[in-house]
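Participant: sequence first, predicted model second:
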Amino acid sequence: MKDQNKEVLYGLYDDDEILLDAVKQARENHLDIWDVFTPFPVHGLDPILGLAESRLHIAGFIYGAIGTAIAFFGMSWVFTRDWPIIFGGKPYWSVPAFIPVTFELTVLLCAIGMVVSFYIVNGQGFGVDNPTLDDRITDDKFCIAFQTNGKSESEIEKLRSFFSESGASEVNSKTI
Amino acid sequence: MSAAVSSIREPLITGHKTYHDITEDLIGPTEKAPNFSWVVAFLLSVTLLSFGIFCLIWTFWVGIGSWNLNRTIGWGYDITNFVWWIGIGHAGTLISAILLLFRQKWRTGVNRAAEAMTIFAVMCAGLFPATHTGRPWLDFFMFPYPNTRGPLWVNFNSPLLWDLFAISTYFTVSLLFWYTGLVPDLASVRDRAKGVRRKIYSFVSMGWTGSAKHWQRHEYLSLILAGLATPLVLSVHTIVSFDFATSVIPGWHTTIFPPYFVAGAVFSGFAMVQTLMVITRKILNLNDYITLAHIESMNKVILLTGTIVGTAYLTELFIAWYSQYTYEQYAFFNRATGPYFWSYIGMMGCNLIIPQIFWWKKMRRNIWVTFLMSIFVNIGMWFERFVIIPTTLARDYLPSSWSYYWPSWVEIGIFIGTIGLFFVLYLIFCRVAPVVAAAEIKAILKTAGDQYVGENAKKQTHSHSH
């Protein structure tokens, strides 16, 4: 996104229901939607848009498992190999006592790992200034955007007519 | 595709709001100059905080002997306040996480403020054990890190160490959960701002665009963090209760402690949310977003958890009698009739008896009753921790070491300081970020707005059909 400028033709819709119908229509007409921007998560948009299921939870499971392993094997190593101490006459390897810390570390690593992954795959971060198409997208406008780099006049015209048919309240173009 | 119309379900957003109205109402307050009452509240909070800082400095200068702890009563005001604040810090994650999993839409009106409250309360809580170590600059010794002292490790079998892990994890996860939810709303603030403000909000909103794929991931992330935070929030107060329950002190050594502490934490947390929300909705004019339906739902939770806590109190008494164990029986007899009987009365009155008023719908929906009750519960839950800690320690196995404890002005000052810190942070938060999750409110508008559900919607559909 940062390397080359994108020419984008986008339409703004006033309502999420109009947007859903428009996206459906675009898919039926085999128009290649670049992205859809909304002020809030619109339910039912993902399947219409054909978005694959997110794999974030798989990453989360792996981070969590790493946390479990670090905590459990770490504590086991400390109390059986590195510096065994008897506490209250209990065995060195007192597994039940390790459960709370193991659980906490699992949750901690899973949460931190997932949040960091989320921002990395989104291309987000403190100070990152991703270009936005319209300031009202975070307010009350719903946007469908097409990339128009190298598209012919007739193709662009086709997109424009799609916007007017599907009820877009505004159509603009922008290079980002 | 039109929204489901139900006249039975009570609307959660009133005033026939449009998406744009929601942005104006919720993002707007961050753009205005603070009003007079905010300034007064802020200055007052800063004063309290300053006194707290003075008392902390006093503690370190004079030494921990400036507290009234003695050889019999080693845990007093500080640990009472620690548990009290941690308890308050439980409502935020409960509202955000457990109610998210249960698909309770009313959470959207209060979750943002409650999560912020959680984070600030945990910060206040952490201050007490950190100070109680006496040398807080060496507190990093508590974390297991490879060191040159052997390496000598921390005791992983100790509930105090579990607590350290639980609370630091809870703080981190709550912070991540809160901030991730805040990012889209900060982007809304950014897109309305100009100049330096826009630069600042652009930095903190991390380049959020509102792309469909990002929203999809955001929903996944929220759901999984909620799934993680749910057992986490239960584990935190369970582990706090282990600090007591794994000891051999009569009155502490009970298996009922984990569920009883968790219910008490939710109870006190909701009370603090009510205290804050009743004021916030008034000052920021959010009556359309934090409606009586929200207040009533929270009062129901208060009634439920208060009754659970009350049942636990009575169960403890029964079990003490049923156990036939003299020391256990004495511990509870002493709580009710000993030198601290007044705190026992305060606890029973504020936590068990007074909340029963919420069986009446009229009371649940009365703002003044709600506010007053929330204060009662805050006090009652403070008494509960006081009953559990100094009362129990004051009478141990050896009558020769029996003692009495009352906090010194320094201890009271530190507690006052944490109240100041809490409100300073909350007031700043009200200024710089939307107190109600705007994007989430927009997402439920069509299923919870009063033009779509409730009596108004019924009238509207009727008039349309005519």
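Facilitator: Yep, it's here.
Participant: which elements pack onto the helix or strand encompassing B:Trp58?
Facilitator: Per DSSP states H and E: B:Trp58 is located in helix B:36-62. Here helix B:36-62 touches helix B:409-432, going by 3 or more CB pairs under 8 Å, 6 or more residues apart in numbering or on different chains; DSSP states H and E. Just so you know, the C-beta spots here come from the backbone N, C-alpha and C atoms, and that holds for glycine as well.
Participant: determine whether any part of the helix it packs on lies close to chain A.
Facilitator: No. Against chain A, helix B:409-432 shows no contacts by CB under 8 Å from any CB of the partner chain, the least distance being 15.6 Å.
Participant: what mean pLDDT does that helix get?
Facilitator: Helix B:409-432 comes out with an average pLDDT of 94.
Participant: what lies in contact with the following helix or strand past it?
Facilitator: Sequence-wise, the next helix or strand downstream of helix B:409-432 (DSSP H and E) is helix B:438-448. Residues outside helix B:438-448 that contact it (CB atoms under 8 Å, 6 or more residues apart in numbering or on different chains): A:16, A:39-43, A:140, B:3-4, B:9, B:11-13, B:17, B:19, B:22-23, B:26-27, B:105, B:108-109, B:111, B:181, B:184-185, B:188, B:289, B:452-453.
Participant: which residues touch A:Lys90?
Facilitator: Counted by CB under 8 Å, 6+ apart, A:Lys90 has contacts A:97, B:157.
Participant: how many neighbours does residue 89 have?
Facilitator: Assuming you mean chain A. A:Gly89 has 5 neighbours, counted by other CB atoms under 10 Å in any protein chain shown.
Participant: wait, chain B
Facilitator: By other CB under 10 Å, 32 other residues sit near B:Gly89.
Participant: and residue 104, how many neighbours does it have?
Facilitator: Because you didn't say which chain, this covers chain A. Neighbours of A:Glu104 under the rule other CB under 10 Å: 26.
Participant: try chain B instead
Facilitator: Using other CB under 10 Å, B:Gln104 is surrounded by 13 other residues.
Participant: how about B:Ala187?
Facilitator: Neighbour count for B:Ala187, taken as other CB under 10 Å: 26.
Participant: that one - that's part of a helix, no?
Facilitator: Yes. The assignment for B:Ala187 is a helix, going by DSSP: H, G, I helix; E, B strand; the rest coil.
Participant: for beta bridges, what are the partners of the closest residue to A:Ile137 other than its chain neighbours?
Facilitator: Distances taken as CB to CB, 6 or more residues apart in numbering or on different chains put A:Phe37 closest to A:Ile137, at 4.7 Å, once the chain neighbours are dropped. Note on A:Phe37: beta-bridge partners by DSSP bridges are A:Cys143, B:Ser211.
Participant: I'd assumed B:Thr209 was in contact with A:Phe37.
Facilitator: Yes. Here A:Phe37 reaches B:Thr209: they are 6.1 Å apart, a contact under CB atoms under 8 Å.
Participant: quick check: neighbours shared by these two?
Facilitator: Jointly contacting A:Phe37 and B:Thr209 under the rule CB under 8 Å, 6+ apart are A:132, A:137.
Participant: quick one: low-confidence parts of chain A?
Facilitator: Filtered on pLDDT under 70, chain A yields the residue ranges A:1-4.
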